[in-house]
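Student: build me a model from this:
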Amino acid sequence: IAGKTGTTNESRDTWFIGFSSNIVAGCYIGYDQPRPMPGSYGANTCGPVFQTFMETAIRKYGGTKFKVPPGGRFVNIDRFNGGVLPEGARGDNVVAEYFRDGEDPFVGYGMFVDGGFGMGSNLPMFADGENAGESETGGGVITSSGQRRVIPNRANFGTVSSGGLY
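Tutor: Reported below is the predicted structural model:
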């Protein structure tokens with residue numbers, strides 16, 4: 001199971017979005033008329049709800065290990081200082097991170113700095129060659145209500161969350 005928690009300012013809303021190999025689910029907890037929920041975080045409110053749901057769902061619908069995409073490799077990283085560790089490294093401080101072939105791991109304390117919206121600024125919203133906005137054919141996407149929405153060529157405030165989606 002993998003996922004991401006979230007908590008808004010003053011703990012007015014909490015959430016958890018997660019997935020298994022074949023199930024995606026989310027949990028949101030908050031008031032209809034937003035107000036602070038002191039001591040509430042995605043981990044301690046939505047986390048247990050999500051876990052209970054997923055345990056039941058996986059018993060019913062099954063699941064498998066995650067498939068590793070081709071074209072990359074796992075590199076052992078020291079989770080406390082970001083340093084690259086040897087291939088056989090073991091212990092509580094070791095995490096394996098997946099890197100695309102041809103990309104060297106960016107290591108050191110700097111990799112743990114969360115830039116929030118600043119890290120999302122000027123990120124391309126589409127890969128090269130994809131229809132990313134205005135064009136002769138209209139560009140953008142068609143929503144479930146049938147409306148055409150133009151998607152910006154670059155991320156800006158409001159198009160990328162600061163909750164870890166880099």
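
Student: enumerate every residue touching the nearest residue to residue 26 once chain neighbours are set aside.
Tutor: Nearest residue to residue 26, sequence neighbours excluded (CB to CB, 6 or more residues apart in numbering): residue 17, at 4.4 Å. No exception for glycine: its C-beta is placed from N, CA and C like everyone else's. By CB atoms under 8 Å, 6 or more residues apart in numbering, the contact set of residue 17 is 3-4, 6, 24-27.

Student: spatially, which two of these are the most separated?
Tutor: Largest separation among those by CB to CB: 6 and 24, giving 15.6 Å.

Student: distance check, residue 93 against residue 78.
Tutor: Applying CB to CB, to the nearest Å, the value for residue 93 to residue 78 is 5 Å.

Student: now residue 19, nearest residue through space, not along the chain?
Tutor: residue 2 (6.0 Å).

Student: mind pulling up the pLDDT for the one you found?
Tutor: Listed pLDDT for residue 2 reads 88.

Student: contacting residues for it?
Tutor: Contacts for residue 2 were tallied using CB under 8 Å, 6+ apart; they are 18-19, 66.

Student: buried subset of those residues?
Tutor: Among those, those classed as buried by 16 or more other CB atoms under 10 Å are residue 18.

Student: strands of the chain, start to end?
Tutor: 2-7, 13-19, 24-30, 72-78, 94-100, 141-142, 148-149 (DSSP state E).

Student: worst mean pLDDT among these?
Tutor: strand 141-142 (a mean of 58).

Student: end-to-end on stretch 13-29?
Tutor: Length of stretch 13-29, first residue to last, CA to CA, to the nearest Å: 6 Å.

Student: so which bits of it are buried?
Tutor: In stretch 13-29, counting by 16+ other CB under 10 Å, buried: 13-18, 20, 23, 25, 27.

Student: shaky segments in the chain?
Tutor: 105-166 (pLDDT under 70).

Student: tilt between the longest helix along it and strand 24-30?
Tutor: In the chain, taking DSSP state H as the definition, the longest helix is helix 47-61. Between helix 47-61 and strand 24-30, the angle comes out at 150 degrees (axes from the mean of the first three to the mean of the last three CA atoms, to 10 degrees).

Student: fine, thanks again, bye for now.
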